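[1] got a structure for you, letters missing:
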């Protein structure tokens with residue numbers, strides 16, 4: 001069996017430390033003046049945000065801040081996350097690279113889109129306060145199948161992106177592939193499969209931030225973000 005054969009057992013070296021309680025996770029972090037952040041997310045695949053009411057959440061016990069996308073825009077901090085890996089189409093033209101909102105303002109475009117951010121003294125208080133945020137959604141048609149999302153007539157994720165197609169990209173030697181396919185008998189059935197080696201890291205949904213010094217002489221409250 002090769003070094004990386006399918007089905008080969010992989011020795012685990014981290015288990016002894018973990019089963020003895022030696023692991024260190026975000027929940028193990030305890031910093032001075034630590035607060036917790038919680039993200040309220042959309043339950044809709046596609047919807048218009050008609051209004052967001054945060055008054056009750058702001059008044060909830062232990063709450064330090066409730067932030068919406070409108071708040072970020074009003075502060076001048078900005079509310080967009082740019083695409084860091086721009087792609088070209090197969091013809092060499094530039095693909096479409098939409099900024100993703102930090103917190104949605106007018107529309108949500110997938111289940112889990114972030115809508116509001118709550119900071120509180122404890123995670124439980126942040127979650128409880130998030131439940132008191134009232135978001136008035138107007139549900140919109142959604143393209144939920146990737147196989148048909150680019151078809152004519154499908155609901156658009158972005159109004160100005162035709163066929164929901166951000167870019168049309170290919171890799172490899174087209175002529176060589178076509179030559180190889182031409183060697184198959186005419187009645188041969190060729191099945192195109194999607195490779196199984198695409199990257200999909202399981203990333204943590206929690207972060208802790210601990211600045212080294214006070215800002216302008218003012219003590220900084222540390223925030224641990226939970227999803």
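    Arrived safely, thanks for sending. For clarity, every value in this text was computed on a predicted model and none was experimentally measured.

[2] helices of the chain, start to end?
    According to DSSP state H, the chain carries its helices in the segments 15-19, 55-58, 69-75, 123-130, 174-182.

[3] can you redo those as a markdown table with mean pLDDT?
    Formatted as a markdown table, the helices of the chain follow (pLDDT from 0 to 100):
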| stretch | mean pLDDT |
| --- | --- |
| helix 15-19 | 86 |
| helix 55-58 | 98 |
| helix 69-75 | 95 |
| helix 123-130 | 97 |
| helix 174-182 | 84 |
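
[4] just send the ones you listed back as CSV, with distance to residue 27 and mean neighbour count too.
    Where C-beta positions appear, they are placed from N, C-alpha and C, glycine not excepted. Below are the helices of the chain laid out as CSV (distance: least, CB to CB, whole Å; neighbours: other CB atoms under 10 Å):
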stretch, distance to residue 27, mean neighbour count
helix 15-19, 14, 10
helix 55-58, 24, 16
helix 69-75, 28, 16
helix 123-130, 9, 20
helix 174-182, 50, 9
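
[5] quick one: closest of those to residue 159.
    Checking the helices of the chain against residue 159 by CB to CB gives helix 69-75 as the closest, at 18.2 Å.

[6] which neighbouring elements make contact with that closest one?
    Judged by 3 or more CB pairs under 8 Å, 6 or more residues apart in numbering; DSSP states H and E, helix 69-75 has no packing partners among the helices and strands.

[7] any idea how far it is from the chain center?
    20 Å (CA atoms, centre = their mean, to the nearest Å).

[8] and if you look at stretch 76-86?
    With CA atoms, centre = their mean, you get 13 Å for stretch 76-86.

[9] now what about that stretch, what contacts it?
    The list of residues contacting stretch 76-86 from outside it, by CB atoms under 8 Å, 6 or more residues apart in numbering, reads 69, 72-73, 94-95, 97-103, 105.

[10] of those, just the buried ones, ChimeraX syntax please.
    Buried members of the contacts of stretch 76-86, defined by 16 or more other CB atoms under 10 Å, are picked up in ChimeraX with:
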select :69,72,73,101,102,103,105
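
[11] out of the contacts of stretch 76-86, which is nearest to residue 138?
    The closest of the contacts of stretch 76-86, once distances to residue 138 are taken by CB to CB, is residue 105, at 14.1 Å.

[12] check contacts around the closest one.
    Shown in contact with residue 105 (CB under 8 Å, 6+ apart): 49, 68-70, 73, 79.

[13] all strands of the protein, in order?
    Secondary structure of the chain (DSSP state E): strands at 35-41, 47-53, 63-68, 80-81, 100-101, 107-108, 114-120, 134-139, 207-209, 223-226.

[14] do you know which of the ones you listed lies nearest residue 153?
    Nearest of the strands of the chain to residue 153, taken as CB to CB: strand 134-139 at 18.5 Å.

[15] Throw the strands of the chain into TSV and include distance to residue 185, thanks.
    Output for the strands of the chain, formatted as TSV (distance: least, CB to CB, whole Å):
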stretch	distance to residue 185
strand 35-41	52
strand 47-53	51
strand 63-68	62
strand 80-81	50
strand 100-101	47
strand 107-108	50
strand 114-120	53
strand 134-139	50
strand 207-209	56
strand 223-226	58
